[in-house]
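*Asks:* Sequence isn't available, so here's the structure alone:
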């Protein structure tokens, strides 16, 4: 390969791989230095000069001029130096830059040099992938499905020039993916490990819904409407609290859009997932009441402000609605507000005093739901959670009927 062909190849590599020519030339220089060190028993005093404009590449090895050579890898006589470097005279003690042909450095040295260049290319690609992922961290991107595993349904997603894995459990609302499909995904996390940059991508993360609303609702994008909190059980239901900085702009109305166009577009992207949009309030009682919608709340009593625990009273006919299917509504409300919510019917329970002892046994629906929320947060068995809520609800209904 001539120098011209080398530089043309590097330019093509720069266009296709987006790796700068200067970086590649630095890797070539590093490889030649290592090859010389191996071939010349430790002499790594190399002079490397490359000029892509003139298509010139020079490689020279420095040796000390001596009267008598004892170490040919580091020393050379003045006579031999003058033969190799014409029209120049040398004196003892001078350093002569001896021209080298990298091809003559020996098979092992050349192989080692190639490995150095390959490692440099991989390191550059790894760095580019990491920067590409990091630039999109916490963002919503539209990516291409490269391939789908027929066994577990996991999809390899191409994001720019990088790839990431989208597990089947994270493909909420996608339907069946096929090679070449365009899909919106959320960059949840980016890590760098021994195997290279790794991006965790998702469609089930609450941030996915947040970004969808930012794209769909101009008032959110402009900062007029702010999303304060999002809680989500992907594929089933999402609760979102919003607030407007402009009294003339209705935060909830802006998110819903004319005839529900905006929120319907997002529901469609999520595959029919239900979305409850409520107004955020700095007043805990008001915020918690709104979070329990669509159930109506009679009142909210703060039990322990420091531990963020409260008791919400709802009409008897709203008890099951407030709790939700398998405790989902109150669980999402608790995550949305950050409060532990104890739900009780307006009529109370049989044998329950108005000013009950806080140390009394936990036999109410609200306390069972609170335990459910804690269990869900700790990722305990979902079956146990569902069973606890259902049993508590049945007992409450029976006691209310007896009363």
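*Replies:* Perfect, thanks for sending it. From a predicted model like this one, the values you see are computed outputs, not experimental measurements.
*Asks:* Quick one: residues in contact with whatever helix or strand residue 60 lives in.
*Replies:* Taking DSSP states H and E as the definition, residue 60 sits inside strand 56-66. The contact list for strand 56-66, computed with CB atoms under 8 Å, 6 or more residues apart in numbering, reads 3, 6, 32, 36, 40, 43, 45-51, 74-78, 81, 90-102. C-beta here means a position set from N, CA and C on the backbone, and glycine is covered the same way.
*Asks:* Quick check: mean pLDDT of that strand?
*Replies:* Taken as a whole, strand 56-66 has an average pLDDT of 87.
*Asks:* Next, the buried residues of that strand.
*Replies:* For strand 56-66, the neighbour count (16 or more other CB atoms under 10 Å) marks 57, 59, 60, 61, 63, 64, 65, 66 as buried.
*Asks:* Now distance to residue 176 too, for those residues, in TSV please.
*Replies:* What follows is the buried residues of strand 56-66, written out as TSV (distance: CB to CB, whole Å):
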residue	distance to residue 176
57	54
59	57
60	62
61	62
63	68
64	72
65	75
66	77
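*Asks:* Farthest-apart pair in the residues you listed, please.
*Replies:* Greatest spatial distance among the buried residues of strand 56-66 (CB to CB): 57 and 66, at 29.1 Å.
*Asks:* now for the strand or helix carrying residue 32, which elements pack on it?
*Replies:* Using DSSP H and E, residue 32 falls within helix 21-39. Applying 3 or more CB pairs under 8 Å, 6 or more residues apart in numbering; DSSP states H and E, we find helix 21-39 packed against helix 3-17, strand 46-51, helix 107-135.
*Asks:* among the contacts of strand 56-66, which ones are buried?
*Replies:* Burial by neighbour count, 16+ other CB under 10 Å: within those this picks out 6, 32, 36, 40, 43, 45-46, 48, 50, 74-78, 81, 90, 96-98, 100, 102.
*Asks:* on that earlier part again, okay, now the sheet partners of the strand holding residue 60, with direction.
*Replies:* strand 46-51 (antiparallel), strand 75-77 (parallel), strand 95-99 (antiparallel) (DSSP bridges).
*Asks:* I'd like to know which of those is closest to residue 133.
*Replies:* strand 46-51 (32.1 Å).
*Asks:* Touching that closest one from outside, list them.
*Replies:* Contacts of strand 46-51 (CB under 8 Å, 6+ apart): 25, 28-29, 32-33, 36, 56-62, 97, 100.
*Asks:* Which one of those residues is nearest to residue 232?
*Replies:* Closest to residue 232, out of all of the contacts of strand 46-51 and judged by CB to CB, is residue 25, at 50.2 Å.
*Asks:* Quickly note the distance from the closest one to residue 272.
*Replies:* According to CB to CB, to the nearest Å, residue 25 and residue 272 sit 56 Å apart.
*Asks:* neighbour count winner among these two?
*Replies:* Higher neighbour count among residue 25 and residue 272: residue 25, with 17 against 10, using other CB atoms under 10 Å.
*Asks:* okay, that one: pLDDT?
*Replies:* Looking at residue 25, its pLDDT reads 83.
*Asks:* need the contact list for it.
*Replies:* Counted by CB under 8 Å, 6+ apart, residue 25 has contacts 10, 50.
*Asks:* circling back to that earlier point, pick out the shakiest of the helices and strands packed on helix 21-39, pLDDT-wise.
*Replies:* helix 107-135 has the lowest average pLDDT among the helices and strands packed on helix 21-39, namely a mean of 68.
*Asks:* Quick check: next helix or strand after it?
*Replies:* Helix 107-135 is succeeded, C-terminally, by strand 140-148 (DSSP H and E).
*Asks:* just checking, what packs against that next one?
*Replies:* With 3+ CB pairs under 8 Å, 6+ apart as the test, strand 140-148 has strand 155-159, strand 182-193, helix 206-216 packed against it.
*Asks:* Output those as CSV; include the columns mean neighbour count.
*Replies:* Shown next, in CSV, are those (neighbours: other CB atoms under 10 Å):
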stretch, mean neighbour count
strand 155-159, 19
strand 182-193, 17
helix 206-216, 20
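*Asks:* quick revisit: quick one: the helix holding residue 32 to helix 3-17, angle?
*Replies:* Angle, helix 21-39 to helix 3-17, by axes from the mean of the first three to the mean of the last three CA atoms, to 10 degrees: 120 degrees.
*Asks:* Any idea how far stretch 262-277 is from the middle of the chain?
*Replies:* 23 Å (CA atoms, centre = their mean, to the nearest Å).
*Asks:* Equivalent analysis for stretch 309-320, please.
*Replies:* 38 Å.
*Asks:* Report the mean per-residue pLDDT for that stretch.
*Replies:* 93.
*Asks:* How about the residue of the chain most remote from its centre, nearest residue that isn't a chain neighbour?
*Replies:* Distance from the C-alpha centroid of the chain, by CA atoms, centre = their mean, peaks at residue 67 (65.3 Å). With sequence-adjacent residues excluded and distances taken as CB to CB, 6 or more residues apart in numbering, residue 67 is closest to residue 92, at 5.8 Å.
*Asks:* Domain-wise, how is the chain divided?
*Replies:* 3-128, 139-204, 205-280, 284-403 (automatic domain parsing).
*Asks:* where does the stretch 51-200 of the chain have low pLDDT?
*Replies:* 87, 102-103, 105-114, 116-117, 123-127, 129-130, 193-196 (pLDDT under 70).
*Asks:* Report the buried residues of the helix holding residue 32.
*Replies:* In helix 21-39, counting by 16+ other CB under 10 Å, buried: 23-25, 27-39.
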